[in-house]
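Chemist: let me see the structure of the following:
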Amino acid sequence: EKNFTDAKQYLEKATELSPKYFDAWFAKAEFEEKFGSQQEALKDYQVCESIDNTQPVLYYNIGRLHDKLKHKTEALVAYEKTISLKPDDIPAFMARALIFSDWKKYDSALSDYNRVLLIDRTYHYAYKARGQVKLQLKDFASAIDDFTRFLLFEESDPSAYFYRGLAKISNNELL
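Modeler: Numbers count the residues shown, from 1 in each chain. Okay, the predicted model is just below:
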């Protein structure tokens, strides 16, 4: 019903009545992240961690929140914790690879994108992201292949055509 005030009060009441109820704290943290204070969300996620530190989704959300706050080092730590708890967590690998790419650690980013594609060959977003890294590494032929694979799934993505075009020009494929 989009009654955010009541929703917040109910979540707070649930955490008061049962201070060790992970799901209530987690819902409260997600609510704060989306509609309230990101700092409060971090505090609530910390309470979740003290209750149950075996939940990969908890660390993924912490990483995502740190990413939003531009705390890349903290985000990386959280994504690594996610991956240690769930070694096939594609969103965590993708997020970590993006941080590596931002830091120009292209080999690490490439390794993560390769891992994603080992987990799921049809996760087409990894082809585009890996193609962008390969462009940076000047592996143009392989980048062209990745962008072409991506375009099989998303044929109307203009940026993939643009990057593929750059790779083709850089590879002297002018025709």
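
Chemist: just checking, Arg96 touches Ser84?
Modeler: No: counting by CB atoms under 8 Å, Arg96 does not reach Ser84; the two are 11.5 Å apart. Bear in mind the C-beta positions are built from the backbone N, C-alpha and C, glycine included.

Chemist: so which of these two has more stuff around it?
Modeler: More crowded of Arg96 and Ser84, by other CB atoms under 10 Å: Arg96, with 24 against 12.

Chemist: what's near enough to touch Ala129?
Modeler: Taking CB atoms under 8 Å, 6 or more residues apart in numbering, we find Ala129 in contact with 94, 97-98, 101, 109, 113.

Chemist: let's see 7 Å
Modeler: 94, 97, 113 (CB atoms under 7 Å, 6 or more residues apart in numbering).

Chemist: for the host helix or strand of it, buried residues please.
Modeler: Per DSSP states H and E: Ala129 is located in helix 125-136. Residues 126-135 are the ones in helix 125-136 that count as buried (16 or more other CB atoms under 10 Å).

Chemist: centre of the chain to it, how far?
Modeler: Relative to its chain's centre, helix 125-136 lies at 15 Å (CA atoms, centre = their mean, to the nearest Å).

Chemist: quick check: what element follows it along the chain?
Modeler: helix 140-153.

Chemist: just the angle between that next one and helix 125-136, please?
Modeler: With axes from the mean of the first three to the mean of the last three CA atoms, to 10 degrees applied, the angle from helix 140-153 to helix 125-136 works out at 160 degrees.

Chemist: now what about the lowest-mean-pLDDT helix or strand in the chain, what contacts it?
Modeler: Lowest by mean pLDDT, DSSP states H and E among the helices and strands of the chain is helix 4-17, with a mean of 89. With contacts defined as CB under 7 Å, 6+ apart, helix 4-17 is touched by 21, 24-25, 27-28, 31, 35.

Chemist: can you give me the neighbour number for Ala29?
Modeler: 25.

Chemist: I'd say it and Ala41 touch.
Modeler: Yes: contact criterion CB atoms under 7 Å: Ala29 and Ala41 qualify, at 4.9 Å.

Chemist: now do the contacts for the residue most central in space within the chain.
Modeler: The centre of the chain sits closest to Ala95, judged by CA atoms, centre = their mean, with a distance of 3.1 Å. By CB under 7 Å, 6+ apart, the residues touching Ala95 are 63-64, 67, 79.

Chemist: nothing else from me, thank you.
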